[in-house]
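K.L.:
When you get a sec, could you give me coordinates for this:
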Amino acid sequence: MKKPAELVFIPYAGAGHLVPTVEIAKLLVSRDDHLFITVLIMKTPFGSTATDTYIDSIAV
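P.N.:
Numbering: from 1, shown residues only. Now for the predicted structure:
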């Protein structure tokens, strides 16, 4: 039996890093049932509206 693995991704707070990080996390999880990924997203006071909207759309 395969042991579960957990990864934690911490992307830089910007759409250029955030979106690809979330997409690669989704791809990895879809390929392996024993993989769990947490993406830590830190909102910054100078964040853009587009980044905040994206974060709100993917939040669980």
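
K.L.:
For Val39, which residues count as its bridge partners?
P.N.:
Phe9 (DSSP bridges).

K.L.:
and it, what does it touch?
P.N.:
Val39 sits next to 8-11, 21-22, 25 when contact means Cβ atoms under 8 Å, 6 or more residues apart in numbering. Using the backbone N, CA and C atoms, a C-beta is placed for each residue, glycine as well.

K.L.:
switch to 10 Å and redo it
P.N.:
Neighbour list for Val39: 7-11, 18, 21-22, 24-26, 55, 58, 60 [criterion: Cβ atoms under 10 Å, 6 or more residues apart in numbering].

K.L.:
cool, Thr38 as well?
P.N.:
By Cβ under 10 Å, 6+ apart, the contact list for Thr38 reads 6-10, 25.

K.L.:
just to revisit the earlier point, TSV please, covering the contacts of Val39 and showing neighbour count.
P.N.:
Output for those, formatted as TSV (neighbours: other Cβ atoms under 10 Å):
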residue	neighbour count
Leu7	12
Val8	9
Phe9	16
Ile10	12
Pro11	19
Leu18	20
Thr21	17
Val22	18
Ile24	14
Ala25	18
Lys26	13
Ile55	17
Ile58	13
Val60	3
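
K.L.:
now for these, which pair is the farthest apart?
P.N.:
Leu7 and Ile55 (19.2 Å; Cβ to Cβ).
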